[in-house]
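1. Let's see this in three dimensions:
(2 chains)
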Amino acid sequence: MASTKARAPAYRGIARSALLTLPIALWSLLMFTPTFQSSSPNLHIGAVAVIVFMTGLFFMMMRTGSTYRWRRIFFVALGFLFPVGFITQLVAARGTMSIPIERMVSGDTPFCFMVTPSLILPAAFARTIVFPGSILPTASNPHSIAVMIGLWFAFTLVMGKAWCSYACFFGGIEEGFAGIAKRAKIRKLDPRLRLIPWAILLFVVLVSAAIYEPVYCMWLCPFKTVTEFPAVRSLTSALQFVVFIVLFAGLVVVLPFLTKKRTQCGFFCPFGAFQSIFNKINPFEIRFNREKCVDCTLCQSACPTMALSAESIREGKTLLNCMKCGACVDSCKKDAAVWHLKGTEVAVKPERARLLFLYGTWAMATMFGGSVLANSLATTLHLIHWN
Amino acid sequence: MRKRIPVVLAYAGATLTLLIAACTPFYLMGAFSSAVARAGLHIDAAYSGGTIARTYQRDGYRIVVYNPVRPHLLQGIEPFVQVVFTPVSALPAVVDERIDLDGDGLNDVHVTFAMDRRPGAKLRGNVVALNANYESLMDVGDESFSRMFVLVNNEVIVRVPFHPAVAKK
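-> Down below sits the predicted model:
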């Protein structure tokens, strides 16, 4: 990614930015009010920090007109803090990150949205869920399939594929690694790489239906390395564990560092490909004002998932896998890349489109990612014996 | 007028996303979750153990026998029958039970295991097949989805595989 240009610091005045931020500040307070009924001071500190953090970042988005760089701060924090909270809870409950077979047969595996594509065909044709979780929440597994799919569906209606840049806690990890180096060590990437997630999506959907197993979870998920994985009890499970580590090291750490791209999201993740389909029903998108565009390709370099091609820019559009992170808009020196509401004229009131998109998306991010951050911060404080 | 329709629809769609976002934590998430829960879906029997066939009441505890689970064509597990002993608190120090799995009035397996209630202790047990349809298990713990003795959530779950000759039928 080319470094994204900082917009003029006084895009909006302080008072107007504060006024525009007020709904998000009130929403944050509303979301975290129940947290203050808890007796844990660590959780109170976490909630206050997250309210200030989310509101502050939104204020900066309003003040500077930049979306990407402020969103990235939230997203990377989410990516790196989520495993801290999740792993600590697992170790406290089970003494290990691995999930033992008895927890699987009792339906205690927390449902992860990444497995959703694997479930489609068995659920559609046999009404069977090929995942060792529980459909309704239980005392030992609040993250049930119904709850998580309900949450994912609501997010998808509001933001489409923007899930991948405002909600997915895994994407934040590679975005963090992609942001370390100043320049990409590997700059030339074959554009056909962006087709791989579709191939993997087709593979996991078909093979999961054939063998009645969540194939992505069992064999291909790099994030098992920082969440939970089947207990190593045999050569097969040992091999699975090695695959998880290799994929994590390669796609989430090394390649993002070398390419400054989100390589797992852009070139591997089948859930991301699946989520792209929902961009079709979401009213928000990024478009290019051809009258202003000078084909400098800065936006193409900035895009973390190669969701832009020369042809798509000529047509004034992004590709289907655009996750609306705003990197192209922030990088465009001619203001040709704009937020857009489908059905309206391109580049007419783009800021209105951006605001409508950001209010819904940031509200959801605060509700979901914010609560993850608050819990993880509370856990971190507990770990360092702050309280 | 025709040009205005898409614009009105666009803003209506955008407003709808805001309404969905505002309603999600208070109403919609629960509504969507309930819709998923009401869809008549069930967890695959390889994980859940399938459906209950019969229950035997013992002195303070129950033995729940499930219907046989036969895997799908390419599913990598053996056919099995799940038996659950619950509640764990009422189980004797050594469980020694002869159980009719298929409901024909004859005992099919002889299950024995010692309860170890220490935290983190792993359960192990034996199954002696009294019927040629089932396979005997010696000193088994959490070996696989088809052969196991595990203690979880106030239950002891035992899975008895079918004899390979029967399983192939």
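
2. Got the domain ranges for chain A?
-> Using automatic domain parsing, the domain parsing of chain A gives A:1-96+A:349-387, A:98-282, A:283-348.

3. Same question for chain B.
-> B:1-41, B:45-167.

4. Per-residue confidence, the residue nearest to the spatial centre of chain A, what does it come out as?
-> Most central in chain A under CA atoms, centre = their mean is residue A:168, positioned 2.4 Å from the mean C-alpha point. For residue A:168, the model assigns a pLDDT of 94.

5. on that earlier part again, nearest to residue B:147, of the domains of chain A?
-> For the domains of chain A, the distance to residue B:147 is smallest for domain A:98-282, at 10.5 Å, taking CB to CB. Where C-beta positions appear, they are placed from N, C-alpha and C, glycine not excepted.

6. and the strand or helix carrying residue B:53, what's its mean pLDDT?
-> In the assignment (DSSP states H and E), residue B:53 maps to strand B:52-57. The pLDDT scores in strand B:52-57 average 97.

7. Direction included, what does that strand pair against?
-> Here strand B:52-57 has these sheet partners by DSSP bridges: strand B:62-66 (antiparallel).

8. Contacts for the strand it pairs with next, please.
-> Identification of contacts with strand B:62-66 by CB atoms under 8 Å, 6 or more residues apart in numbering or on different chains yields B:49-56, B:81-86, B:97, B:99-101, B:103.

9. What separation is there between the nearest residue to residue A:273 once chain neighbours are set aside and chain B?
-> Distances taken as CB to CB, 6 or more residues apart in numbering or on different chains put residue A:197 closest to residue A:273, at 3.8 Å, once the chain neighbours are dropped. Using CB to the nearest CB, to the nearest Å, one obtains 24 Å as the distance from residue A:197 to chain B.

10. Which helix or strand contains residue A:197?
-> Following DSSP H and E, one finds residue A:197 within helix A:196-211.

11. Ok, residue A:103 next?
-> Element membership of residue A:103 [criterion: DSSP H and E] is helix A:101-105.

12. Would you mind listing the outside residues contacting that helix?
-> So helix A:101-105 is contacted by A:94, A:109, A:132, A:230-231, A:233, B:47-49, B:142, B:144-145, B:148, B:150-152, B:157 (CB under 8 Å, 6+ apart).

13. ok, residue A:381 to chain B distance?
-> Taking CB to the nearest CB, one finds residue A:381 at 25 Å from chain B.

14. isn't there a strand covering that residue?
-> No: counting by DSSP: H, G, I helix; E, B strand; the rest coil, residue A:381 falls outside a strand, being helix.

15. now the helices: where do they sit in chain B?
-> Taking DSSP state H, the helices of chain B run over residues B:4-23, B:29-37, B:45-48, B:164-167.

16. show me where pLDDT drops low in chain B?
-> Counting by pLDDT under 70, the ranges of chain B that qualify are B:1, B:168-169.

17. For the residue most central in space within it, give me its contacts.
-> Note on chain B: the residue nearest the mean C-alpha position is residue B:48, at 1.8 Å, using CA atoms, centre = their mean. By CB under 8 Å, 6+ apart, the contact list for residue B:48 reads A:105, A:107, B:42.

18. ok, these vs residue A:325, which is closest?
-> residue A:107 (35.5 Å).

19. Could I get the buried residue list for stretch B:101-109?
-> B:101, B:102, B:108, B:109 (16 or more other CB atoms under 10 Å in any protein chain shown).

20. which residues touch it?
-> Stretch B:101-109 is contacted from outside by B:53-54, B:65, B:81, B:83, B:98-100, B:127-131, B:133-134, B:160, using CB under 8 Å, 6+ apart.

21. So residue A:138 sits against residue A:111, correct?
-> No: Residue A:138 lies out of contact with residue A:111 (CB atoms under 8 Å); the separation is 11.8 Å.

22. how deep is the nearest residue to residue A:287 once chain neighbours are set aside tucked in, by neighbour count?
-> If you skip the residues right next to it in sequence, residue A:287 has residue A:340 as its closest partner in space, 4.1 Å away by CB to CB, 6+ apart. For residue A:340, the neighbour count with other CB atoms under 10 Å in any protein chain shown is 27.

23. ok, now the one 10 residues further on?
-> Counted by other CB under 10 Å, the residues lying close to residue A:350 total 20.

24. any idea how far residue A:288 is from residue A:322?
-> 12 Å (CB to CB, to the nearest Å).

25. Comparing the two, which shows the higher neighbour count?
-> Neighbours of residue A:322 and residue A:288, each counted by other CB under 10 Å, are more numerous for residue A:288; the result is 27 against 23.

26. confidence score at the residue nearest to residue A:245 when sequence neighbours are not counted?
-> Nearest residue to residue A:245, sequence neighbours excluded (CB to CB, 6+ apart): residue A:225, at 5.5 Å. Looking at residue A:225, its pLDDT reads 93.

27. go on, residue A:111?
-> Model confidence at residue A:111 (pLDDT) stands at 92.

28. picking up where we left off before, the host helix or strand of the residue nearest to residue A:287 - which strands sit beside it in the sheet, and in what orientation?
-> According to DSSP H and E, residue A:340 maps onto strand A:337-341. Sheet pairing of strand A:337-341 (DSSP bridges) gives strand A:284-288 (antiparallel).

29. any idea which helix or strand comes after the strand it pairs with?
-> Heading C-terminal from strand A:284-288, the first helix or strand you meet, by DSSP H and E, is helix A:298-302.

30. ok so, going back, which neighbours do residue A:138 and residue A:111 have in common?
-> Residues touching both residue A:138 and residue A:111 by CB under 8 Å, 6+ apart: residue A:144.

31. With only the CA atoms kept, save stretch A:300-315 in PDB.
-> Provided in PDB are the C-alpha atoms of stretch A:300-315 (Å, rounded to 0.1, in the frame of the first residue of the first chain):
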ATOM      1  CA  GLN A 300      -4.600   0.900  -6.900                       C
ATOM      2  CA  SER A 301      -1.400   0.900  -4.900                       C
ATOM      3  CA  ALA A 302      -3.300   1.900  -1.700                       C
ATOM      4  CA  CYS A 303      -6.000  -0.800  -1.900                       C
ATOM      5  CA  PRO A 304      -5.100  -3.500   0.600                       C
ATOM      6  CA  THR A 305      -7.000  -6.300  -1.200                       C
ATOM      7  CA  MET A 306      -6.400  -5.400  -4.900                       C
ATOM      8  CA  ALA A 307     -10.100  -4.600  -5.300                       C
ATOM      9  CA  LEU A 308      -9.200  -2.100  -8.100                       C
ATOM     10  CA  SER A 309      -8.000  -2.800 -11.600                       C
ATOM     11  CA  ALA A 310      -7.100  -0.400 -14.400                       C
ATOM     12  CA  GLU A 311     -10.300  -1.400 -16.200                       C
ATOM     13  CA  SER A 312     -12.500  -1.000 -13.200                       C
ATOM     14  CA  ILE A 313     -11.100   2.500 -12.500                       C
ATOM     15  CA  ARG A 314     -11.700   3.400 -16.200                       C
ATOM     16  CA  GLU A 315     -15.300   2.300 -15.600                       C
END
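
32. Check which residues of it are buried.
-> Under the neighbour-count criterion of 16+ other CB under 10 Å, stretch A:300-315 has A:300, A:301, A:302, A:303, A:304, A:305, A:306, A:307, A:308, A:309, A:312, A:313 buried.

33. thinking again about what came up before, residues in contact with the residue nearest to the centre of chain A?
-> A:113, A:265.

34. In terms of helices and strands, where is it?
-> Residue A:168 is part of no helix or strand when elements are defined by DSSP H and E.

35. and the next element down the chain from the one helix or strand residue A:46 maps to?
-> Using DSSP H and E, residue A:46 sits in helix A:41-64. Counting by DSSP H and E, the next helix or strand C-terminal to helix A:41-64 is helix A:68-94.

36. That next one vs chain B: in contact?
-> No: if you take CB under 8 Å from any CB of the partner chain as the test, helix A:68-94 misses chain B, and the best it gets is 9.5 Å.

37. Residue A:233 and chain B, how far apart?
-> Residue A:233 sits 7 Å away from chain B, going by CB to the nearest CB.

38. actually residue A:224, sorry about that
-> For residue A:224, the distance to chain B equals 18 Å [CB to the nearest CB].
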